[in-house]
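1. everything below, folded, please.
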Amino acid sequence: MKGTFPTEKFQQIETPFYYYDTALLRKTLRSIAEEAGRHQQFIVHYAVKANANPKILNIICQAGLGADCVSGGEIEAACKAGFAPDKIVYAGVGKGDWEIKLGLNKDIFCFNVESLAELEVINELGAAANKVARVCLRINPNVGAHTHANITTGLAENKFGIAMGDMYDVIDRARAMNHVEFKGLHFHIGSQILDMGDFEALCNRINDLQRELEQRHIQVENINVGGGLGVDYTHPNRVPVPDFKAYFDCYAHHLELRDGQRLHFELGRAVVAQCGSLITRTLYIKQGTHKQFAIVDAGMTDLIRPALYQAYHKIENITSDQAIETYDVVGPICESSDVFAKAVDLNRTNRGDLLAIRSAGAYGEIMASQYNCRKLPKGYITEDL
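-> Numbers count the residues shown, from 1 in each chain. Next up is the predicted model:
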């Protein structure tokens, strides 16, 4: 089963380009609102790092989500798209002074702090600006996730977060500072997680930590569990919307929230991945000794995930209904790793055919580069065509 695309309109557009199906994006956002809305204490932020296309951000903002940012540039993009500062959270292991000052000046909801050193700088910059920064402390829960090693973030050996053994000291330090207000705890164990057991393990760890904190008479107003929910890259047509019900129900059933506590989520990939495709044109069919290559005009500069993570993306020839043949789909970049897929079955492909590389709405356009002096591809939403 292929996806449905306005191929006649695509023929008039310079390739490669990103195409975003806004009907699917809005369907996804409605599912999030419905499933999270069943739980009064749940608050959802969109992780801007997944895709910061201004039109996509605006649609997500209009749906009522907050914004999770990991740089000053993302804070600026979120504000420009209409996100209210009091719905913006700011994480990141290496916040620069100008970025912290920006967050203070915008009066964002909170900084997710990753070290004592960072906390001290935020307090110092808050004093200089005569402002009080709301902070949640990012705790590294040492919970593994069934995902690629490069996108696992919750183990003790990762660079992110404050070690559990240091948590009480850092909380005490934060509560003693004049220009910091301790608002809660932040966690994030990784990305592209499909096993709900990983999130259940996080819930159990947080439950234990909460009980220990209460023994020390420390109340936590906000708990932020990050995001991490994955998508079905193999079957984007069959499973276009992730199972948000199972995701939110997992936390509702296993996390022991106290009265008045708010639970924050930071979903990125699950919001935008399936609505986006990288559209590329076939330049050449090259017959090798034992295989044939479909050489296309998109490259790893436009979608780096296959080269970076050996990630799978479904590829469809959207202009051919001929018999199936097998190809290695490769790009024009002067790197051996510039390969989208090996031994992939496509309808017989000829020069000029358009291919859709699916599930590219997350970590596609946002990670594009100009290596080989290539132009950055444009992004189009349904309403543009």
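2. determine the set of other helices and strands touching the one helix or strand residue 327 maps to.
-> Using DSSP states H and E, residue 327 falls within strand 324-330. With contacts defined as 3 or more Cβ pairs under 8 Å, 6 or more residues apart in numbering; DSSP states H and E, the packing partners of strand 324-330 are strand 292-296, strand 339-347. (Glycine included, C-beta is placed from N, CA and C.)
3. the longest one to strand 324-330, inter-axis angle?
-> In this case it means strand 339-347. Calculated by axes from the mean of the first three to the mean of the last three Cα atoms, to 10 degrees, strand 339-347 forms an angle of 160 degrees with strand 324-330.
4. got the buried residues for stretch 297-309?
-> Buried residues in stretch 297-309, counted by 16 or more other Cβ atoms under 10 Å: 297, 298, 299, 300, 301, 302, 303, 304, 305, 306, 307, 309.
5. what's the closest of the residues you listed to residue 223?
-> Using Cβ to Cβ, residue 309 is the member of these that sits closest to residue 223, with 29.0 Å.
6. out of the helices and strands packed on strand 324-330, which gets nearest to residue 41?
-> Residue 41 sits nearest to strand 339-347 of all the helices and strands packed on strand 324-330, at 42.0 Å, using Cβ to Cβ.
7. quick one: that closest one to chain centroid distance?
-> 26 Å (Cα atoms, centre = their mean, to the nearest Å).
8. same check on stretch 378-385?
-> 21 Å.
9. now the terminal residues of that stretch, how far apart.
-> The first and final residues of stretch 378-385 sit 13 Å from each other (Cα to Cα, to the nearest Å).
10. likewise for stretch 39-57?
-> So stretch 39-57: terminal residues 24 Å apart, Cα to Cα.
11. tell me the mean pLDDT for the strand holding residue 327?
-> Averaged across strand 324-330, the pLDDT comes to 98.
12. next, the angle strand 292-296 makes with that strand.
-> Using the same axes, to 10 degrees: strand 324-330 against strand 292-296 is 50 degrees.
13. can you pull the buried residues of strand 324-330?
-> In terms of neighbour count (16+ other Cβ under 10 Å), strand 324-330 has its buried residues at 325, 327, 328, 329, 330.
14. before we move on, what about stretch 234-243?
-> Residues 236, 240, 241, 242, 243 are the ones in stretch 234-243 that count as buried (16+ other Cβ under 10 Å).
15. again, but for stretch 123-136
-> Across stretch 123-136, burial judged by 16+ other Cβ under 10 Å covers 123, 125, 126, 132, 133, 134, 135, 136.
16. mind listing residues that contact that stretch?
-> Identification of contacts with stretch 123-136 by Cβ atoms under 8 Å, 6 or more residues apart in numbering yields 89, 97, 100-101, 103-105, 107-113, 119, 122, 174, 177-186, 222, 224.
17. try 6 Å
-> Contacts to stretch 123-136, defined as Cβ atoms under 6 Å, 6 or more residues apart in numbering, come from residues 100-101, 104, 110-113, 122, 177, 179-181, 183-186, 224.
18. which ones among those map onto strands?
-> When DSSP state E defines the strands, the subset of the contacts of stretch 123-136 inside them is 110, 111, 112, 113, 180, 181, 183, 184, 185, 186, 224.
19. quick check, residue 166 in a strand?
-> No. Read with DSSP: H, G, I helix; E, B strand; the rest coil, residue 166 is helix and lies in no strand.
20. kindly state the pLDDT recorded for it?
-> Looking at residue 166, the pLDDT reads 91.
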